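Enquirer: Any chance you could fold what I've pasted below:
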Amino acid sequence: MNAVTRWLRKIFGKPVDVPTLSDKEVIDRYVTYGLEFGDAVSYIYMGECIGFENLLTVWEQSEREYAALGFRTCSLDDFIAAGAWGHDLTNVEVPREIDEEPVYHAAYYRSMYLGKIGPAIDFNKMFKDGTPQVGNHAVPSTKHLSRK
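Expert: Presented below is the predicted three-dimensional model:
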């Protein structure tokens, strides 16, 4: 790292060689990653898929960037409905009120649900003897965190 880069990092607090995203790119990434995670959560009755935590991590990071633009974040429920079931995602780019704190749905999911939801059916038993499986499951929700 040269002296100029060190000086710029000291002044601006971030690497200058990292490209900055436009607001539209931040919004697009937030929506894309939220839809992907919402789709993955819609299959949570089978357990967490390979790469599940990475999907959460990129959604969580993009949610923080999106909230930093001053918008209200969307609940996981909204992303499940849109990403898995094709409903419209209508509450994107809604500005927060003055002094309204951002709600971080992805961080809440990480603390409350990640690694705590197992498959609703016993795959080992099903594969071993072909026994039909029936189970109950609840889909995680963050809707209660959203501003009314």
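
Enquirer: for the closest residue to Tyr113 other than its chain neighbours, what are its contacts?
Expert: Spatially, and ignoring its direct neighbours in sequence, Tyr113 is nearest to Pro140 (4.5 Å; CB to CB, 6 or more residues apart in numbering). All C-beta spots, glycine's among them, are computed from the backbone N, C-alpha and C. Residues in contact with Pro140 (CB atoms under 8 Å, 6 or more residues apart in numbering) are Val41, Ile44, Leu76, Tyr109, Met112, Tyr113, Ile117.

Enquirer: gap between Pro140 and Val41?
Expert: 6 Å (CB to CB, to the nearest Å).

Enquirer: Mutual contacts of these two, please.
Expert: Residues touching both Pro140 and Val41 (CB under 8 Å, 6+ apart) are Leu76.

Enquirer: What ranges does the chain have for its helices?
Expert: Listed in chain order, the helices of the chain (DSSP state H) span 3-12, 23-41, 52-68, 76-85, 105-112, 123-129.

Enquirer: of all those, which lies closest to Glu93?
Expert: helix 23-41 (6.5 Å; CB to CB).

Enquirer: what's the pLDDT at the most centrally placed residue in the chain?
Expert: In the chain, the residue lying closest to the centroid (CA atoms, centre = their mean) is Trp59, at 3.5 Å. What the model reports as pLDDT for Trp59 is 96.

Enquirer: Please verify my assumption that it contacts Asp39.
Expert: No - Trp59 is beyond contact range of Asp39, at 11.2 Å (criterion: CB atoms under 8 Å).

Enquirer: What does the residue nearest to Tyr113 show for phi and psi?
Expert: phi -60, psi 150 (degrees, to the nearest 10).

Enquirer: Next, work out how far apart it and Ser146 are.
Expert: 14 Å.

Enquirer: ok so, going back, got the contacts of Pro140 as CSV, with pLDDT, distance to Ile27 and neighbour count columns?
Expert: Shown next, in CSV, are those (pLDDT from 0 to 100; distance: CB to CB, whole Å; neighbours: other CB atoms under 10 Å):
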residue, pLDDT, distance to Ile27, neighbour count
Val41, 92, 21, 25
Ile44, 85, 26, 20
Leu76, 94, 18, 26
Tyr109, 92, 20, 19
Met112, 92, 26, 11
Tyr113, 88, 25, 17
Ile117, 80, 29, 16
